[in-house]
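**Q** I'd like to go over a predicted model; first the sequence, then the structure.
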Amino acid sequence: MHLLLKWKRERIVAVQPVNDFHENVASAVDRSVDCAARPIIDLRGVVKVYETPAGPFVALKGIDLKVERGEFLAVVGKSGSGKSTLINMFTGIDHPTDGEVIVADTPIRRLSEGQMAEWRGRTMGIVFQFFQLLPTLTVVENVMIPMDLAGMYSLSERYTRAMHLLEQVGMADDAHKFPATLSVGQAQRAAIARALANDPPIVVADEPTGNLDTRNAALVFDLFVSLAEAGKTIVMVTHDDELARRTQRTVTIADGRIVDEVRR
Ligand code: ADP
Ligand code: MG
(Lines give C-alpha, C1' and ligand atoms only; values in the text may rest on other atoms or scores of the structure.)
(Ligands and ions follow the chains in the order given, each with its own letter.)
Protein backbone atom coordinates (compact mmCIF):
# COMPACT_ATOMS: atom_id res chain seq x y z
CA MET A 1 0.00 0.00 0.00
CA HIS A 2 2.75 2.35 0.98
CA LEU A 3 4.71 1.63 -2.17
CA LEU A 4 1.66 2.01 -4.35
CA LEU A 5 0.90 5.36 -2.82
CA LYS A 6 4.46 6.44 -3.32
CA TRP A 7 4.40 5.40 -6.95
CA LYS A 8 1.13 7.24 -7.47
CA ARG A 9 2.66 10.33 -5.96
CA GLU A 10 5.56 10.09 -8.36
CA ARG A 11 3.18 9.69 -11.25
CA ILE A 12 1.25 12.72 -10.15
CA VAL A 13 4.46 14.69 -10.09
CA ALA A 14 5.43 13.38 -13.49
CA VAL A 15 2.23 14.25 -15.31
CA GLN A 16 1.87 17.82 -14.11
CA PRO A 17 2.46 20.57 -16.66
CA VAL A 18 5.99 21.76 -16.15
CA ASN A 19 5.01 25.27 -15.08
CA ASP A 20 3.64 23.70 -11.92
CA PHE A 21 6.39 21.14 -11.71
CA HIS A 22 8.44 22.58 -8.86
CA GLU A 23 5.42 23.36 -6.72
CA ASN A 24 4.00 19.91 -7.24
CA VAL A 25 7.21 18.14 -6.42
CA ALA A 26 7.24 20.09 -3.18
CA SER A 27 3.66 19.32 -2.29
CA ALA A 28 3.66 15.71 -3.47
CA VAL A 29 6.94 14.58 -2.03
CA ASP A 30 7.75 16.26 1.22
CA ARG A 31 6.41 19.51 2.62
CA SER A 32 9.03 19.69 5.31
CA VAL A 33 11.93 20.20 2.93
CA ASP A 34 12.37 23.18 0.67
CA CYS A 35 12.14 21.53 -2.71
CA ALA A 36 14.03 24.21 -4.58
CA ALA A 37 17.03 23.42 -2.38
CA ARG A 38 17.09 19.81 -3.56
CA PRO A 39 19.30 18.99 -6.55
CA ILE A 40 17.27 17.99 -9.58
CA ILE A 41 19.90 15.36 -10.49
CA ASP A 42 21.65 13.55 -7.65
CA LEU A 43 24.18 10.77 -8.27
CA ARG A 44 25.63 9.09 -5.19
CA GLY A 45 28.54 6.68 -5.44
CA VAL A 46 27.62 5.61 -8.95
CA VAL A 47 29.65 2.71 -10.29
CA LYS A 48 29.21 1.18 -13.73
CA VAL A 49 30.85 -2.08 -14.69
CA TYR A 50 30.53 -3.37 -18.25
CA GLU A 51 30.95 -7.08 -18.77
CA THR A 52 33.20 -7.55 -21.79
CA PRO A 53 34.72 -10.64 -23.40
CA ALA A 54 38.01 -9.53 -21.85
CA GLY A 55 36.41 -9.41 -18.39
CA PRO A 56 34.68 -6.71 -16.34
CA PHE A 57 35.48 -3.12 -17.27
CA VAL A 58 34.83 -0.38 -14.69
CA ALA A 59 33.65 2.63 -16.69
CA LEU A 60 32.48 4.74 -13.70
CA LYS A 61 34.40 4.44 -10.44
CA GLY A 62 32.15 6.08 -7.86
CA ILE A 63 30.63 9.27 -9.16
CA ASP A 64 29.07 11.82 -6.81
CA LEU A 65 27.41 14.61 -8.74
CA LYS A 66 24.59 16.98 -7.92
CA VAL A 67 22.99 19.28 -10.47
CA GLU A 68 20.88 22.13 -9.16
CA ARG A 69 17.57 23.16 -10.66
CA GLY A 70 18.14 25.62 -13.48
CA GLU A 71 21.87 24.94 -13.66
CA PHE A 72 23.77 24.76 -16.97
CA LEU A 73 26.48 22.13 -16.53
CA ALA A 74 29.14 21.09 -19.02
CA VAL A 75 30.77 17.65 -18.81
CA VAL A 76 34.13 17.40 -20.52
CA GLY A 77 36.81 14.73 -20.80
CA LYS A 78 38.73 12.70 -23.35
CA SER A 79 37.02 10.18 -25.58
CA GLY A 80 36.43 6.98 -23.62
CA SER A 81 36.58 8.69 -20.21
CA GLY A 82 32.98 7.75 -19.34
CA LYS A 83 30.93 10.84 -20.28
CA SER A 84 28.21 9.02 -22.21
CA THR A 85 28.10 6.27 -19.61
CA LEU A 86 27.56 8.94 -16.96
CA ILE A 87 24.77 10.60 -18.94
CA ASN A 88 23.11 7.22 -19.47
CA MET A 89 22.96 6.70 -15.68
CA PHE A 90 20.59 9.60 -15.08
CA THR A 91 18.59 9.43 -18.29
CA GLY A 92 17.78 5.84 -17.33
CA ILE A 93 19.09 4.63 -20.69
CA ASP A 94 21.34 2.29 -18.68
CA HIS A 95 21.54 1.19 -15.04
CA PRO A 96 24.35 1.69 -12.54
CA THR A 97 26.04 -1.41 -11.14
CA ASP A 98 26.13 0.30 -7.75
CA GLY A 99 25.06 3.59 -6.21
CA GLU A 100 21.95 5.70 -6.23
CA VAL A 101 20.47 7.98 -8.89
CA ILE A 102 17.69 10.39 -7.97
CA VAL A 103 16.23 12.62 -10.65
CA ALA A 104 13.46 15.14 -10.00
CA ASP A 105 12.91 13.44 -6.64
CA THR A 106 12.45 10.04 -8.27
CA PRO A 107 14.91 7.26 -7.33
CA ILE A 108 14.99 5.92 -10.85
CA ARG A 109 15.94 2.34 -10.07
CA ARG A 110 12.43 1.93 -8.66
CA LEU A 111 10.91 2.45 -12.10
CA SER A 112 10.17 -0.52 -14.31
CA GLU A 113 11.21 -0.28 -17.98
CA GLY A 114 7.72 0.83 -19.01
CA GLN A 115 7.46 3.39 -16.24
CA MET A 116 10.95 4.57 -17.08
CA ALA A 117 10.12 5.30 -20.71
CA GLU A 118 7.06 7.31 -19.75
CA TRP A 119 8.87 9.12 -16.94
CA ARG A 120 11.82 9.96 -19.19
CA GLY A 121 9.52 11.28 -21.91
CA ARG A 122 8.03 13.80 -19.52
CA THR A 123 11.07 14.66 -17.43
CA MET A 124 13.89 14.86 -19.90
CA GLY A 125 14.64 15.96 -23.41
CA ILE A 126 17.67 14.23 -24.88
CA VAL A 127 19.80 15.52 -27.76
CA PHE A 128 22.38 13.26 -29.40
CA GLN A 129 25.43 13.97 -31.53
CA PHE A 130 23.85 12.36 -34.60
CA PHE A 131 20.35 13.78 -34.08
CA GLN A 132 18.52 10.44 -34.36
CA LEU A 133 15.57 11.85 -36.25
CA LEU A 134 13.31 9.19 -37.77
CA PRO A 135 14.00 9.30 -41.52
CA THR A 136 10.52 8.28 -42.68
CA LEU A 137 8.77 11.10 -40.80
CA THR A 138 8.82 14.80 -41.59
CA VAL A 139 10.47 17.25 -39.22
CA VAL A 140 7.20 18.31 -37.60
CA GLU A 141 6.14 14.67 -37.23
CA ASN A 142 9.45 13.93 -35.52
CA VAL A 143 8.80 16.73 -33.05
CA MET A 144 5.34 15.33 -32.31
CA ILE A 145 6.60 11.80 -31.47
CA PRO A 146 7.45 12.44 -27.79
CA MET A 147 4.02 14.01 -27.24
CA ASP A 148 2.35 10.98 -28.84
CA LEU A 149 4.43 8.55 -26.80
CA ALA A 150 3.81 10.30 -23.49
CA GLY A 151 0.19 11.11 -24.28
CA MET A 152 0.88 14.78 -23.61
CA TYR A 153 -1.35 17.53 -25.02
CA SER A 154 -4.50 16.93 -27.02
CA LEU A 155 -4.21 15.62 -30.56
CA SER A 156 -4.98 19.01 -32.04
CA GLU A 157 -2.54 20.81 -29.74
CA ARG A 158 0.38 18.58 -30.71
CA TYR A 159 0.79 19.92 -34.22
CA THR A 160 0.44 23.55 -33.16
CA ARG A 161 2.91 23.03 -30.36
CA ALA A 162 5.42 21.27 -32.63
CA MET A 163 5.22 24.14 -35.14
CA HIS A 164 5.73 26.66 -32.36
CA LEU A 165 8.84 24.81 -31.14
CA LEU A 166 10.20 24.65 -34.69
CA GLU A 167 9.68 28.40 -34.95
CA GLN A 168 11.69 28.88 -31.76
CA VAL A 169 14.67 27.02 -33.25
CA GLY A 170 14.34 28.74 -36.62
CA MET A 171 13.06 25.66 -38.42
CA ALA A 172 9.41 26.47 -39.17
CA ASP A 173 10.06 26.76 -42.92
CA ASP A 174 11.52 23.24 -42.94
CA ALA A 175 8.74 21.61 -40.92
CA HIS A 176 7.45 19.49 -43.79
CA LYS A 177 10.80 18.32 -45.09
CA PHE A 178 12.28 14.90 -44.44
CA PRO A 179 15.43 14.72 -42.25
CA ALA A 180 17.63 13.53 -45.13
CA THR A 181 17.14 16.88 -46.91
CA LEU A 182 18.35 18.95 -43.94
CA SER A 183 21.84 20.26 -43.26
CA VAL A 184 23.46 18.92 -40.07
CA GLY A 185 22.85 22.25 -38.33
CA GLN A 186 19.17 22.17 -39.28
CA ALA A 187 18.86 18.53 -38.19
CA GLN A 188 20.29 19.34 -34.77
CA ARG A 189 17.93 22.29 -34.35
CA ALA A 190 15.01 19.99 -35.23
CA ALA A 191 16.30 17.47 -32.67
CA ILE A 192 16.37 20.22 -30.04
CA ALA A 193 12.75 21.12 -30.86
CA ARG A 194 11.89 17.43 -30.42
CA ALA A 195 13.72 17.33 -27.06
CA LEU A 196 11.50 20.20 -25.91
CA ALA A 197 8.27 18.57 -27.08
CA ASN A 198 6.94 17.79 -23.60
CA ASP A 199 8.43 20.90 -21.99
CA PRO A 200 10.74 18.79 -19.80
CA PRO A 201 12.49 20.46 -16.85
CA ILE A 202 15.79 18.79 -17.82
CA VAL A 203 17.58 18.83 -21.17
CA VAL A 204 20.50 16.46 -21.64
CA ALA A 205 22.79 16.70 -24.65
CA ASP A 206 25.63 14.31 -25.51
CA GLU A 207 28.07 16.19 -27.77
CA PRO A 208 25.29 18.10 -29.55
CA THR A 209 27.77 20.24 -31.48
CA GLY A 210 30.22 17.38 -32.15
CA ASN A 211 29.08 17.01 -35.74
CA LEU A 212 28.60 20.70 -36.54
CA ASP A 213 30.81 23.38 -38.05
CA THR A 214 31.73 26.38 -35.89
CA ARG A 215 28.85 28.57 -37.07
CA ASN A 216 26.18 25.92 -36.51
CA ALA A 217 27.78 24.87 -33.23
CA ALA A 218 27.44 28.48 -32.06
CA LEU A 219 23.80 28.62 -33.18
CA VAL A 220 22.96 25.39 -31.39
CA PHE A 221 24.86 26.38 -28.27
CA ASP A 222 23.00 29.71 -28.17
CA LEU A 223 19.75 27.73 -28.15
CA PHE A 224 20.92 25.91 -25.04
CA VAL A 225 21.89 29.21 -23.45
CA SER A 226 18.39 30.56 -24.02
CA LEU A 227 16.88 27.37 -22.60
CA ALA A 228 19.02 27.80 -19.50
CA GLU A 229 17.84 31.40 -19.23
CA ALA A 230 14.27 30.13 -19.47
CA GLY A 231 14.91 28.00 -16.37
CA LYS A 232 15.68 24.58 -17.83
CA THR A 233 18.33 22.44 -16.19
CA ILE A 234 20.90 21.56 -18.84
CA VAL A 235 23.63 18.95 -18.82
CA MET A 236 25.82 19.05 -21.91
CA VAL A 237 28.71 16.80 -22.82
CA THR A 238 31.09 18.69 -25.05
CA HIS A 239 34.57 18.48 -26.50
CA ASP A 240 34.57 22.21 -27.10
CA ASP A 241 36.39 23.97 -24.24
CA GLU A 242 35.32 27.38 -25.46
CA LEU A 243 31.65 26.43 -25.28
CA ALA A 244 32.15 24.72 -21.92
CA ARG A 245 33.57 27.96 -20.55
CA ARG A 246 30.25 29.69 -21.29
CA THR A 247 28.32 27.41 -18.91
CA GLN A 248 27.97 27.87 -15.15
CA ARG A 249 30.02 24.84 -14.18
CA THR A 250 32.29 22.34 -15.86
CA VAL A 251 33.12 18.92 -14.49
CA THR A 252 35.96 16.97 -16.05
CA ILE A 253 35.81 13.18 -16.24
CA ALA A 254 38.94 11.06 -16.61
CA ASP A 255 39.01 7.29 -16.40
CA GLY A 256 35.55 7.05 -14.86
CA ARG A 257 36.13 9.65 -12.15
CA ILE A 258 35.38 13.34 -11.72
CA VAL A 259 38.85 14.85 -11.57
CA ASP A 260 38.12 18.56 -11.81
CA GLU A 261 35.30 21.01 -11.30
CA VAL A 262 35.15 24.70 -12.19
CA ARG A 263 32.31 27.05 -11.20
CA ARG A 264 31.82 30.42 -12.83
P1 ADP B 1 32.93 8.84 -23.63
O2 ADP B 1 31.49 9.16 -23.84
O3 ADP B 1 33.61 9.70 -22.61
O4 ADP B 1 33.71 8.82 -24.92
P5 ADP B 1 31.93 6.23 -22.87
O6 ADP B 1 31.13 6.51 -21.68
O7 ADP B 1 31.21 5.99 -24.14
O8 ADP B 1 33.05 7.37 -23.04
O9 ADP B 1 32.83 4.96 -22.59
C10 ADP B 1 33.64 4.85 -21.43
C11 ADP B 1 34.41 3.52 -21.51
O12 ADP B 1 33.49 2.46 -21.38
C13 ADP B 1 35.14 3.32 -22.81
O14 ADP B 1 36.34 2.67 -22.54
C15 ADP B 1 34.22 2.43 -23.60
O16 ADP B 1 34.95 1.62 -24.48
C17 ADP B 1 33.57 1.59 -22.51
N18 ADP B 1 32.21 1.19 -22.88
C19 ADP B 1 31.18 2.01 -23.19
N20 ADP B 1 30.07 1.31 -23.43
C21 ADP B 1 30.39 0.01 -23.27
C22 ADP B 1 29.67 -1.22 -23.39
N23 ADP B 1 28.38 -1.23 -23.71
N24 ADP B 1 30.34 -2.36 -23.16
C25 ADP B 1 31.66 -2.36 -22.83
N26 ADP B 1 32.38 -1.24 -22.69
C27 ADP B 1 31.78 -0.08 -22.92
MG1 MG C 1 30.44 9.68 -25.56
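**A** Arrived safely. Ligands and ions are numbered 1, 2, ... in the order given.

**Q** Work out which residue lies at the spatial centre of the chain.
**A** With distances taken as Cα atoms, centre = their mean, the residue of the chain nearest its centroid is Val204 (2.6 Å).

**Q** contacting residues for it?
**A** Ile87, Phe90, Thr91, Met124, Gly125, Ile126, Val127, Ile234, Val235, Met236 (Cβ atoms under 8 Å, 6 or more residues apart in numbering). In this view, the C-beta of every residue, glycine as well, is placed from N, C-alpha and C.

**Q** Give me the distance from the strand or helix carrying it to the chain's centre.
**A** Here Val204 sits within strand 202-206, counting by DSSP states H and E. A distance of 3 Å separates the centroid of the chain from that of strand 202-206, by Cα atoms, centre = their mean, to the nearest Å.

**Q** Could you do stretch 228-241 as well?
**A** Stretch 228-241 has its C-alpha centroid displaced from the chain centroid by 10 Å (Cα atoms, centre = their mean).

**Q** Just checking it against ligand 2, any contact.
**A** No. Looking at stretch 228-241 against ligand 2 by Cβ under 5 Å from the ion, there are no contacts, and the closest approach is 6.4 Å.

**Q** If the residue nearest to the centre of the chain is in a bridge, with which residues?
**A** When bridges are called by DSSP bridges, Val204 pairs up with Ile126, Val235.

**Q** Can you give me the pLDDT of it?
**A** We have a pLDDT of 98 for Val204.

**Q** Now do it against Ile253, distance only.
**A** Val204 sits 15 Å away from Ile253, going by Cβ to Cβ, to the nearest Å.

**Q** element containing Phe90?
**A** Secondary structure assignment for Phe90, by DSSP H and E: helix 83-91.

**Q** pLDDT averaged over the longest helix belonging to the chain - what is it?
**A** The longest helix of the chain (DSSP state H) is helix 214-229. For helix 214-229, mean pLDDT rounds to 94.

**Q** who's in contact with it?
**A** 70, 72, 169-170, 183-185, 188-189, 192, 196, 203, 205, 208-209, 212, 234, 236, 240, 243, 246-248.

**Q** Kindly tell me how buried Asp241 is, as a neighbour count.
**A** Using other Cβ atoms under 10 Å, Asp241 has 10 other residues around it.

**Q** Report pLDDT for it.
**A** Reported pLDDT for Asp241: 91.

**Q** That one against Val76, yeah?
**A** Yes. The criterion here is Cβ atoms under 8 Å, and Asp241 meets it with Val76 at 7.0 Å.

**Q** and this protein, which of its residues are near ligand 2?
**A** Counting by Cβ under 5 Å from the ion, the chain comes close to ligand 2 at Lys83, Ser84.

**Q** do that again at 8 Å, thanks
**A** Ser79, Lys83, Ser84, Thr85, Ile87, Gln129, Asp206, Glu207, Val237 (Cβ under 8 Å from the ion).

**Q** which ones are touching the third one?
**A** Remark: with contacts taken as Cβ under 8 Å, 6+ apart, Ser84 is in contact with Asp206, Val237.

**Q** where along the stretch 151-264 of the chain do the strands fall?
**A** 202-206, 233-237, 249-254, 257-263 (DSSP state E, counting those that start in this stretch).

**Q** hang on, the earlier thing: if we only consider the contacts of Val204, which is nearest to Thr97?
**A** Taking Cβ to Cβ as the measure, Thr97 lies nearest Phe90 of the contacts of Val204, at 14.7 Å.

**Q** how about the helices of this protein, start to end?
**A** Assigned by DSSP H, the helices in the chain fall at 2-15, 21-29, 83-91, 113-123, 139-150, 155-168, 184-195, 214-229, 241-244.
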